[in-house]
Every structure is written in structure tokens, then in C-alpha cells.
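next comes the sequence, and after it the predicted model I'd like to discuss.
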Amino acid sequence: QVQLVESGGGLVQAGGSLRLSCAASGRIVSINDMGWYRQAPGNQRELVGTIRSGGSTNYADSVKGRFTISRDNAKNTVYLQMNSLAPEDTAVYYCNADVVSSRGMVYYNGNYWGQGTQVTVSS
């Protein structure tokens with residue numbers, strides 16, 4: 001079983017910064033794409049950005065230039081540095097990962113979600 005655990009959410013004033021972390025644990029063989037999504041009340045979950053195992057990144061237009069995704073492959077951890085936060089960034093932020101895990105001699109490909117962490121930006 002693979003688990004993703006996010007941390008780092010909270011309340012911040014507009015213009016401030018937060019850094020989210022998401023650590024994967026379990027019988028992990030390798031992790032391919034990792035990413036961050038967010039869901040505001042009444043809205044669908046939307047992509048914030050992704051990062052490949054080699055480090056290449058992709059961002060939603062709404063966060064380009066403000067948010068940065070990075071990862072530490074040795075720690076199976078992905079980070080989201082959020083700068084210049086605005087009230088419209090308020091949402092529950094979820095991490096996501098494509099993971100190859102093992103059970104004995106059998107390998108499994110799976111897509112996993114974290115439990116989410118609340119980010120609230122006050123005006």
C-alpha cells in the first residue's frame with residue numbers, strides 16, 4: 001500500500017508565501033509523475049502543476065511565475081512553493097503520484113492521492 005501525506009497548508013495574507021510538502025511511503029519501487037491539484041468550494045478539482053521524475057515541470061496558466069514544483073527523489077517527496085498568493089488561490093491542495101510499488105515479486109502501477117491540505121489566503 002502506498003500513502004501520500006501532505007503538510008504545510010495554513011492561513012496566509014495576500015501576497016504571502018507557503019510551501020507544501022507531500023511525502024510518499026510504502027513499498028515504493030519508483031515514482032514517475034508527481035503533481036499538485038486544488039479544489040475550491042463549489043469548483044471542480046483542477047491541475048496546479050506536475051513534475052516528471054527527471055525534473056521537467058508543467059504549470060497551469062493561473063500559477064505560472066508564482067508557484068514552483070520541485071521534488072526530492074531520494075525522499076519520495078514533492079514540494080509546492082507558492083509565492084504572491086491571492087485570495088483566489090484558496091482551496092484544498094492535493095498531491096498526486098504515479099507509483100510503481102511491489103508486493104513480493106509482483107510490481108504494481110498505481111495512481112495515488114493525498115488527503116489534502118487547506119490553503120486559505122485572506123485579502
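Sure thing, it's come through.

burial measure for residue 39, as a count.
Counted with other CB atoms under 10 Å, residues neighbouring residue 39 total 14. In short, each C-beta sits where N, CA and C put it, glycine included.

check contacts around it.
Residue 39 is in contact with 45, 46, 91, 92, 94, 116, counting by CB atoms under 8 Å, 6 or more residues apart in numbering.

look at the third one and report its pLDDT.
The one in question is residue 91. For residue 91, the model assigns a pLDDT of 98.

how about the contacts of residue 39, which pair is most distant?
46 and 116 (13.4 Å; CB to CB).

between the two, which is the more surrounded one?
Neighbours of residue 46 and residue 116, each counted by other CB under 10 Å, are more numerous for residue 116; the result is 17 against 12.

hang on, isn't that one packed against residue 92?
Yes: between residue 116 and residue 92 there is a contact under CB atoms under 8 Å: 4.3 Å.

burial measure for residue 70, as a count.
14.

how close does it get to residue 52?
From residue 70 across to residue 52, the span is 12 Å (CB to CB, to the nearest Å).

thank you, goodbye.
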